[in-house]
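Asks: Next come a sequence and a model predicted from it.
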Amino acid sequence: MFKAPKWYTVLQYVVMIIVALFMFFPIYWIFCNSLKTLTGISSWPPQLFPSDPQWSNYAEVLSNPSTLLYLRNTLILCVFNTLGTLLSSSIVAYPLARMHFKGRGVVFGIIIATMMVPTATLVIPQYLLFRAFGMLDSFWPLILPSFFAQPYNVFLFRQFFVSIPDSIDEAAMLDGCNRWQAFWKVIVPLGKPIFITVGIMSASFWWNELFTPLVFIDSDELKPLTVGALTSFQLAGGGNQTNWPLQMAFSMLMIIPPAILYIFCSKYITEGIKTSGMKD
């Protein structure tokens with residue numbers, strides 16, 4: 001068995017550390033700017049760390065009444081979109097993985113083909129549709145599409161379900177379960193890793209989503225955190241000039257929940273993605 005020389009191992013660690021620092025620097029820079037004053041953030045040369053950290057920037061952001069309102073709206077989008085995604089995508093994926101019917105491969109191929117359609121191209125048809133139903137400037141245009149299975153999530157669920165032996169379904173049905181009961185009582189508990197994986201991906205996406213709320217939401221009381229970060233920190237009488245320290249502090253606070261979620265659920269994400277990549 002080939003054993004890599006010691007210098008090669010050291011070189012690998014050095015390269016990984018450099019890459020990690022390079023990827024972490026933008027977050028560090030946001031944190032530094034969140035502790036600066038308006039004068040300090042525009043100073044030249046830029047300070048790698050402020051000499052007089054303004055921790056009050058975080059207190060000002062948290063005391064802003066709009067912050068809790070934007071947080072509530074974001075949590076509504078994350079919860080309902082995640083539930084819709086898990087429910088619809090898993091139900092669509094189950095027959096594609098566990099049931100044998102004519103045209104199953106064609107249906108799955110069409111679903112996979114729709115993944116090549118850019119999301120931005122669907123916005124105008126969706127906008128016209130929701131305008132016709134009088135649903136603009138509400139949460140409906142942002143939540144309803146999640147209850148119609150997303151192709152990528154269907155793919156992940158289908159690949160995971162395929163890895164489960166068929167004998168498990170057969171045993172459940174011999175014990176008197178119908179297809180729905182076999183799915184709900186047997187497959188869903190066994191699919192815990194992929195449900196957690198897709199749930200985290202969906203929640204993270206809607207926590208950071210900016211484009212669709214900008215298109216469908218106009219009212220201030222319905223804006224999520226991402227849109228609120230763009231509009232809430234303007235200088236008084238400054239001609240729409242941004243209060244950058246407060247916006248950076250707001251951005252740092254937005255980073256924390258997804259980071260904590262990933263830390264505690266990373267093992268499920270790894271297991272879910274690894275198993276979903278298995279071939280038939």
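Replies: Happy to help now that I have it. Numbers count the residues shown, from 1 in each chain.
Asks: In stretch 86-103, which of the residues would be classed as buried?
Replies: Buried residues in stretch 86-103, defined by neighbour count with 16 or more other CB atoms under 10 Å: L86, S88, S89, S90, V92, A93, Y94, P95, L96, A97, R98. The way it works is simple: take the backbone N, C-alpha and C, and place the C-beta from them, glycine included.
Asks: and the gap between the closest residue to Q47 other than its chain neighbours and S266?
Replies: Among residues not flanking Q47 along the chain, G40 sits closest, at 6.5 Å (CB to CB, 6 or more residues apart in numbering). Distance, G40 to S266, using CB to CB, to the nearest Å: 36 Å.
Asks: Looking at those two, which one has more neighbours?
Replies: Applying other CB atoms under 10 Å to G40 and S266 shows that G40 carries more neighbours, namely 18 against 11.
Asks: any idea which element that one lies in?
Replies: Assigning secondary structure by DSSP states H and E places G40 in helix 38-41.
Asks: Now that helix: average pLDDT?
Replies: Computed over helix 38-41, the mean pLDDT rounds to 78.
Asks: before we move on, back to that, I'd guessed the residue nearest to Q47 sits against F49; true?
Replies: No - taking CB atoms under 8 Å as the definition, G40 is not a contact partner of F49, at 10.5 Å.
Asks: Report the contact partners of the residue lying closest to F157 once chain neighbours are set aside.
Replies: Among residues not flanking F157 along the chain, A93 sits closest, at 3.4 Å (CB to CB, 6+ apart). By CB atoms under 8 Å, 6 or more residues apart in numbering, A93 lies in contact with A149, N153, V154, F155, L156, F157, R158, F161.
Asks: same check, this time on D137
Replies: F216, I217, D218, S219, L222.
Asks: Dump the residues you listed to TSV, plus distance to Q54 and neighbour count.
Replies: Shown next, in TSV, are the contacts of D137 (distance: CB to CB, whole Å; neighbours: other CB atoms under 10 Å):
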residue	distance to Q54	neighbour count
F216	35	21
I217	31	20
D218	33	11
S219	32	8
L222	31	20
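Asks: hmm, which two among those are most spread apart?
Replies: Within those, F216 and S219 form the most distant pair, 10.6 Å apart (CB to CB).
Asks: coming back round to it: the contacts of D137 in helices, which ones?
Replies: F216 (DSSP state H).
Asks: before we move on, the earlier item: what strand or helix carries the residue nearest to F157?
Replies: helix 65-98.
Asks: I'd like the mean pLDDT over the host helix or strand of V15, please.
Replies: In this structure, V15 sits in helix 6-34 according to DSSP H and E. Here helix 6-34 scores 88 as its mean pLDDT.
Asks: Mind listing what's buried along that helix?
Replies: C32, N33, S34.
Asks: Can you give the distance from it to the centre of its chain?
Replies: Distance of helix 6-34 from its chain centroid, counting by CA atoms, centre = their mean, to the nearest Å, is 24 Å.
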